[in-house]
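Chemist: sequence unknown, structure follows:
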């Protein structure tokens, strides 16, 4: 097995959270689904995500100054699927969306979203790694619906919920042990 084959196998079975990124770089609204969103820093609150170099939507996101990052749940799966499908209208009359007062497109049915300023870009073969500083959060951020997290693994969508019967005592990770916040 080559390293590339092992890479695909490993990450196919490594569950990832799902987010939708929306933006408008003055050419109309764009949206895409990502499973690469990670936390980078809590102060200032910063995230990173990767974009495919072959995606025209990703190229439009790269040109934007600000984006909206939607943290989707299982109930938002059809919207995530729509934004992951090439060649479809993600902002047509059949799709519920609005613009924030600052102009960015967003999907109001998603409870938790952040407006973010794109900061740095690391161009790599086949991809671009973006960092974004979170500027503001949705008003419903503290009132999220009780809905399973949506994860993507092995080329399919999954709901993620706590395993029953397991102690709810948290495992504490100290900053020197992990980059997760």
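Modeler: Sure thing, it's come through. All figures in this text were calculated on a predicted structure; none of them were measured in a lab.

Chemist: So for residue 141, what's the pLDDT?
Modeler: You'll see residue 141 listed with a pLDDT of 62.

Chemist: Break down the protein into its helices, ranges please.
Modeler: In the chain, the helices defined using DSSP state H lie at 3-12, 56-63, 77-84.

Chemist: Buried deepest among the ones you listed, which one?
Modeler: helix 77-84 (a mean of 18; mean count of other CB atoms under 10 Å). All C-beta atoms are positioned from the backbone trio N, CA, C, and that covers glycine.

Chemist: Redo the helices of the chain as TSV? Include distance to residue 47 and mean pLDDT.
Modeler: Output for the helices of the chain, formatted as TSV (distance: least, CB to CB, whole Å; pLDDT from 0 to 100):
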stretch	distance to residue 47	mean pLDDT
helix 3-12	19	88
helix 56-63	13	90
helix 77-84	17	94
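
Chemist: what's around the closest residue in space to residue 132 that isn't next to it in sequence, how many residues?
Modeler: Spatially, and ignoring its direct neighbours in sequence, residue 132 is nearest to residue 116 (3.8 Å; CB to CB, 6 or more residues apart in numbering). For residue 116, the neighbour count with other CB atoms under 10 Å is 24.

Chemist: same check, this time on residue 97
Modeler: 16.

Chemist: change the start of the numbering to 239 and stick with it
Modeler: In the new numbering, first residue 239, that becomes residue 335.

Chemist: residues touching it, list them.
Modeler: 260, 267, 329, 343-346 (CB atoms under 8 Å, 6 or more residues apart in numbering).

Chemist: Also residue 334?
Modeler: 345-347.

Chemist: among those, who's most crowded?
Modeler: residue 345 (23 neighbours).

Chemist: Quick check: that one touching residue 257?
Modeler: No. Counting by CB atoms under 8 Å, residue 345 stays clear of residue 257, with 11.4 Å between them.

Chemist: what is in contact with those two at once?
Modeler: In contact with both residue 345 and residue 257: residue 308, using CB under 8 Å, 6+ apart.
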